[in-house]
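Participant: Predicted model follows, preceded by the sequence.
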Amino acid sequence: MLDSNFFHYNAATLHCDEVSLEGLAAIFGTPLFVTSRRSLTESYQTFEHAFKELPHFTCYSVKANFNLTVIRTLAELGCGCDVNSGGELYRALQAGVAAEKIIFAGVGKRSDEIVYALQSGVLMLKAESMSELRAIDRIAGELGKTAPVALRINPNVTAETHPYITTGDSKEKFGIDELELPRVFSLFSQLPNLKLVGLDMHIGSQIFDPQYYVAATLKLLALFKESKELGFALEFLDIGGGFPVTYDPLKPATPIEQFAEKLVPMLQPLGVKVIFEPGRYLVANASVLLTRILYKKSNHTGKQFFVVDAGMTELIRPALYQSHHEVQPVTFHEETIVADVVGPICESSDFFARQRSIGAAEEGELLAVMSSGAYGAVMGSNYNGRLRPAEVMVNGSEVKLVRKRETLEQLVQNELF
Ligand code: LLP
């Protein structure tokens, strides 16, 4: 069982803060994402505390959970935002984040997105190729602006994580090859509408070993020194996101303090502002996906299934990365059974857990799929004609609906028929 201050059993019923998940399902229906505001606050404060010795700016990576209320909650605590598209920029601005607290990333930015970012006045655009630098320069010139840019470096460090979420390796599409940097630095003399403000990296996600950050940061530091010798006065060094969370109590995440212990002494002497881009760390354990058991069944092999009303259209992580999510019955059961927890989608990969020992809940009862706050709702889809679920935020005993359940009408509204 995943131990959490924010999701806990009270009188044998799972609660978020002071609110019963049973009650929430009765009011809002299922599937339902339930987010604890206090958990968001605590994660942010723990992160900030770990890096308090270092002049830094934390930009929440909006791709992990782009719900406006989630973004606003973190922004109110002082966070900036890391966005990866015009759509995410729009969301961050709508949530009330000031443009000068937003950094714009993306391996393939379209011209209209570059225009939007420059016109909004973002803190910086993180460029990933020489061609992109030329494009930003041209667009900035047309707009009569100077574009603040950082260079995203591919440090060629292969962090140990799922292969789909490692990004700092030369095999991958991300960033500018570290060996190409001298040529990139010299390009700036031909690009009058750019101002180089920083260097940036992001080596992957859910990285347990701080050594990978150390290895990549050493490369960034060498390039920082080189840029200084060439006369660039950089203001920012962006270390990216990727800090881990615990999904499986048997595989607890390395505490953030251990990352700080290694990184702070390396970065402190530089006299620049360090940017962090945590996504998952801030939001993953703040939400659960609440789902109802539709049917229980078994087959001749003795295998048992819980068929639930949520699926890979709400949380694709088990299907895509074979990731582990704890599944807890909302009503506590002493007795357990071994079962697969599967959704209603016509794909064999549509499961939340396989051969898992789980409380012996009955049909009609609720299950909570834990740690669903990061890369859950944002990666959702309408596949199989599914309606995107409602989302609520809980703060103590207060409950707010922060996203309405999609309707059948919305499912077809953009089609011209
Ligand atoms: N910065 C950049 C440039 C990124 O590409 C990402 C994530 C982050 C920051 C935030 O990384 P985090 O702190 O959340 O690890 N869908 C996958 C994760 C994809 C991560 C993509 N980039 C999953 O569910 O595990």
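Facilitator: That came in fine, so what should we check first? Note that the structure is a prediction, hence the values are computed from the model and not measured.

Participant: partner strands of the host helix or strand of residue 103, parallel or antiparallel?
Facilitator: Per DSSP states H and E: residue 103 is located in strand 102-104. Strand 102-104 has these partner strands in its sheet, going by DSSP bridges: strand 80-83 (parallel), strand 124-127 (parallel).

Participant: How far away from the center of its chain is it?
Facilitator: Remark: strand 102-104 is offset 15 Å from the chain centroid, using Cα atoms, centre = their mean, to the nearest Å.

Participant: I'd like the average pLDDT over it.
Facilitator: Averaging pLDDT along strand 102-104 yields 98.

Participant: and that strand, which residues are buried?
Facilitator: Residues of strand 102-104 classed as buried under the neighbour-count rule (16 or more other Cβ atoms under 10 Å) are 102, 103, 104. In this view, the C-beta of every residue, glycine as well, is placed from N, C-alpha and C.

Participant: Of the residues you listed, which is the nearest to the ligand?
Facilitator: residue 103 (9.2 Å; Cβ to the nearest ligand atom).

Participant: ok, which residues in this protein are in contact with the ligand?
Facilitator: Proximity of the chain to the ligand is confined to 61, 63-64, 82, 105, 165, 202, 205-206, 240-243, 277-281, 317, 321, 374-375 under the rule Cβ under 6 Å from any ligand atom.

Participant: Now the element after the strand holding residue 103, going C-ward?
Facilitator: That would be, after strand 102-104 and using DSSP H and E, helix 111-120.

Participant: Restrict the particular helix or strand that has residue 274 in it to CA atoms and write it as CSV.
Facilitator: If you go by DSSP H and E, residue 274 is part of strand 273-276. C-alpha atoms of strand 273-276 as CSV (Å, rounded to 0.1, in the frame of the first residue of the first chain):
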residue,chain,number,x,y,z
LYS,A,273,20.4,31.3,-11.7
VAL,A,274,19.7,27.6,-12.0
ILE,A,275,16.4,26.5,-13.5
PHE,A,276,14.7,23.2,-12.6
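
Participant: JSON lines for the strands paired with strand 102-104, including mean pLDDT?
Facilitator: Written out in JSON lines, the entries for the strands paired with strand 102-104 read as follows (pLDDT from 0 to 100):
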{"stretch": "strand 80-83", "mean pLDDT": "98"}
{"stretch": "strand 124-127", "mean pLDDT": "98"}
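
Participant: How much space separates residue 388 from residue 32?
Facilitator: With the distance defined as Cβ to Cβ, to the nearest Å, residue 388 ends up 11 Å from residue 32.

Participant: same check, this time on residue 204
Facilitator: Distance of residue 204 to residue 32, given as Cβ to Cβ: 31 Å.

Participant: Residue 100 too?
Facilitator: Using Cβ to Cβ, residue 100 is found at 36 Å from residue 32.

Participant: go on, residue 353?
Facilitator: The value you get for residue 353 to residue 32, if Cβ to Cβ is used, is 19 Å.

Participant: try residue 262
Facilitator: Taking Cβ to Cβ, one finds residue 262 at 39 Å from residue 32.

Participant: ok, these two, which is more surrounded?
Facilitator: More crowded of residue 262 and residue 32, by other Cβ atoms under 10 Å: residue 32, with 26 against 14.

Participant: Share the number of residues neighbouring residue 314, please.
Facilitator: Residue 314 has 26 nearby residues by other Cβ under 10 Å.

Participant: three-state assignment of it?
Facilitator: Here residue 314 is recorded as coil under DSSP: H, G, I helix; E, B strand; the rest coil.

Participant: can you tell me which residues contact it?
Facilitator: 31, 33, 289, 291, 343, 376, 377, 380, 386, 389 (Cβ atoms under 8 Å, 6 or more residues apart in numbering).

Participant: what's the burial count for the closest residue in space to residue 344 that isn't next to it in sequence?
Facilitator: Spatial nearest neighbour of residue 344, chain neighbours left out: residue 311 (5.5 Å); criterion: Cβ to Cβ, 6 or more residues apart in numbering. Number of residues near residue 311 (other Cβ under 10 Å) recorded here: 25.

Participant: what residues are up against residue 311?
Facilitator: 342, 343, 344, 345, 350, 384, 386.

Participant: and if you look at residue 215?
Facilitator: 155, 157.

Participant: Help me confirm that it is found in a helix?
Facilitator: Yes: counting by three-state DSSP, residue 215 is found in a helix.

Participant: neighbouring strands for the strand holding residue 274, and are they parallel or not?
Facilitator: Using DSSP bridges, the strands paired with strand 273-276 in its sheet are strand 56-61 (parallel), strand 236-240 (parallel).

Participant: Quick one: distance of the following helix or strand past the longest one to the chain centre.
Facilitator: Which is strand 56-61. Proceeding N to C from strand 56-61, the next assigned helix or strand is helix 68-76, under DSSP H and E. Averaging C-alpha positions (Cα atoms, centre = their mean) puts helix 68-76 14 Å from its chain's average.

Participant: nearest residue to the residue in the stretch 51-200 of the chain that the ligand sits nearest to other than its sequence neighbours?
Facilitator: Residue of the stretch 51-200 of the chain nearest the ligand, by Cβ to the nearest ligand atom: residue 61 (3.6 Å). Once flanking residues are discounted, residue 61 sits nearest to residue 279: 3.3 Å by Cβ to Cβ, 6+ apart.

Participant: Next: residue 106.
Facilitator: Using Cβ to Cβ, 6+ apart, the closest residue to residue 106 is residue 84 (4.9 Å).

Participant: what sits against the one you found?
Facilitator: Residue 84 neighbours (Cβ under 8 Å, 6+ apart): 61, 62, 63, 105, 106.

Participant: Contacts only, for the first one.
Facilitator: Taking Cβ under 8 Å, 6+ apart as the contact definition, residue 61 lies against 81, 82, 84, 241, 277, 278, 279.

Participant: Now the two most distant members of the residues you listed.
Facilitator: 84 and 278 (14.3 Å; Cβ to Cβ).

Participant: Let me know the outermost residue of this structure.
Facilitator: Here the chain reaches farthest from its C-alpha mean at residue 300, the gap being 40.9 Å by Cα atoms, centre = their mean.

Participant: rewinding a little: just the contacts of residue 314 now: which is nearest the ligand?
Facilitator: For the contacts of residue 314, the nearest to the ligand is residue 376 (8.2 Å; Cβ to the nearest ligand atom).

Participant: Need phi/psi at the residue of the stretch 251-400 of the chain found nearest the ligand.
Facilitator: Proximity to the ligand, evaluated over the stretch 251-400 of the chain using Cβ to the nearest ligand atom, is greatest for residue 279 at 2.7 Å. For residue 279, the backbone dihedrals (degrees, to the nearest 10) come out as phi -110, psi -80.
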